[in-house]
Structures are given as structure tokens and as C-alpha cells.
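1. here is the input, now give the coordinates:
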Amino acid sequence: MTTTAQPATTAQPVPTGRPQAEPPPAAAPPTPRQMRALGAFATGVTVVTGLDGGEPVGFTCQSFASVSLAPPLVLFCADHRGRSWPRIRAAGRFAVNVLSEDQTELSARFGSRTGRKYEGLGWDLSRWGTPSLRGVLLRVHAEVTDVHGAGDHDVVIGRVLALEPGRESRPLVYHRGQFVRTAAVPPAPEWHRPR
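-> Numbering: from 1, shown residues only. Down below sits the predicted model:
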């Protein structure tokens, strides 16, 4: 029995009665208004570190979050133009060092595109092979499991290997282009608590 190849058909959109969305325009640089609007969301500040060929590397990162507790997963976002992220990706493991409010110098040091970030800095090599910064609130040791390209950044998913609590202090918080101090607020009445 012989079969004849059928010509390929192109799928046609199913009519929905609604106008079709236009494809998004080519990416334009963000406007100051957009930057200010997105700056309304306060973030903690971290330094993501790794070891590549025996050399410690790292960068300041404000886009960090817990993704899942079972299995334990975290994420961070890394700029494609950064020098450290490709090296951390190649190493396959990283540490997220959560900064305290008195560590603005560390944030600036690792946020700079110039200079030697570890020069004169005390740090320790963790048993997971990642640089651990001293005096931080928390260290999250993880290995890269997934990387998703998203615009000019990569969204990096990591499987948590260990959580290493640090000292008790207030966190370093970034809001509207500057560091801000946090203060405790009284608990909300029961009916106001988020669910």
C-alpha cells in the first residue's frame, strides 16, 4: 500500500466575533513615566553570587522571589548585558545574599559595571561552592534548573539546596530610585488582614 503526501495546510484563526489583537510593537526604551510608575513597587535588595573557574562573580539584584515550597524553587531576573550572569549560568550554582539596611555599600559595589567587586571584601566559600557574603540576612544556595528569556532579561529558576539564615536586622529596601528605611507597623485588625 502506498500513501501520498498531503499538502501542508495553514491553520486559520477561529472567528470569535472580537477584533484580533495587534502584535506588540518593537520594544522601545522605557519612558521616565514608566520607570517612575514601576518604581512604586518597593523591593528588597540581594546580591547573586557564583564561582566560575575559581573566580567569584556576582551582581546586585532586586528581582528575586520564592516560587514554590514543594519543591523549593526561587527565581531571579538577570540582565542580558551583565558580565556576571553568563558566568554564573555556566557554573550552574548560585547564592542569593539578602542584604540588610546597613549594606548599601555592598549593593553599590555589586551594582557597578566597573571595578573589582571582591577586592578587599571578606567572603566565604560555602559548602555548595558559592561565594557567601558576610553579615547578610539570609543566603539561599541553589542550582539553575530553568532559564526563560523575557525581553532584555532572563528569568532564572533555581532549585534550593539550602537556606542559611544570617543575622537579625532590617532589610535593605529600594523604592522610587532610592534606599528607604522600614519600620514596624501595628498588626491590622482581623478583618483587614489579607487572605
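
2. just the strands from the protein, written as ranges.
-> Ranges of strands in the chain, per DSSP state E, are 43-44, 46-52, 55-61, 64-69, 72-79, 93-98, 123-125, 131-133, 138-150, 153-165, 173-175, 178-180.

3. dump those strands to TSV, plus mean pLDDT, mean neighbour count and distance to Gln34.
-> The way it works is simple: take the backbone N, C-alpha and C, and place the C-beta from them, glycine included. As requested, the strands of the chain are arranged in TSV below (pLDDT from 0 to 100; neighbours: other C-beta atoms under 10 Å; distance: least, C-beta to C-beta, whole Å):
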stretch	mean pLDDT	mean neighbour count	distance to Gln34
strand 43-44	86	16	16
strand 46-52	97	24	23
strand 55-61	96	21	20
strand 64-69	95	12	21
strand 72-79	96	18	17
strand 93-98	98	25	27
strand 123-125	96	13	36
strand 131-133	97	22	32
strand 138-150	96	16	16
strand 153-165	96	17	15
strand 173-175	85	16	16
strand 178-180	81	12	18
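
4. the residue nearest the centre of the chain bridge partners, please.
-> Central residue of the chain (C-alpha atoms, centre = their mean): Phe76, 2.0 Å from the mean position. Beta-bridge pairing for Phe76 (DSSP bridges): Phe64, Val156.

5. just checking, it touches Thr46?
-> Yes. Using C-beta atoms under 8 Å, Phe76 is in contact with Thr46, at 7.3 Å.

6. so what sits against both of those two?
-> With contacts defined as C-beta atoms under 8 Å, 6 or more residues apart in numbering, the residues shared by Phe76 and Thr46 are Cys61, Phe64, Val96.

7. what about the second one, distance to Asp154?
-> Right, the one you point to is Phe64. Taking C-beta to C-beta, to the nearest Å as the measure, Phe64 falls 13 Å from Asp154.

8. likewise for the first one?
-> Shown here: Cys61 relative to Asp154, a distance of 12 Å by C-beta to C-beta.

9. repeat for the last one
-> Distance, Val96 to Asp154, using C-beta to C-beta: 15 Å.

10. dump the residue contacts of Arg81.
-> Asp152 are the contacts of Arg81 under C-beta under 8 Å, 6+ apart.
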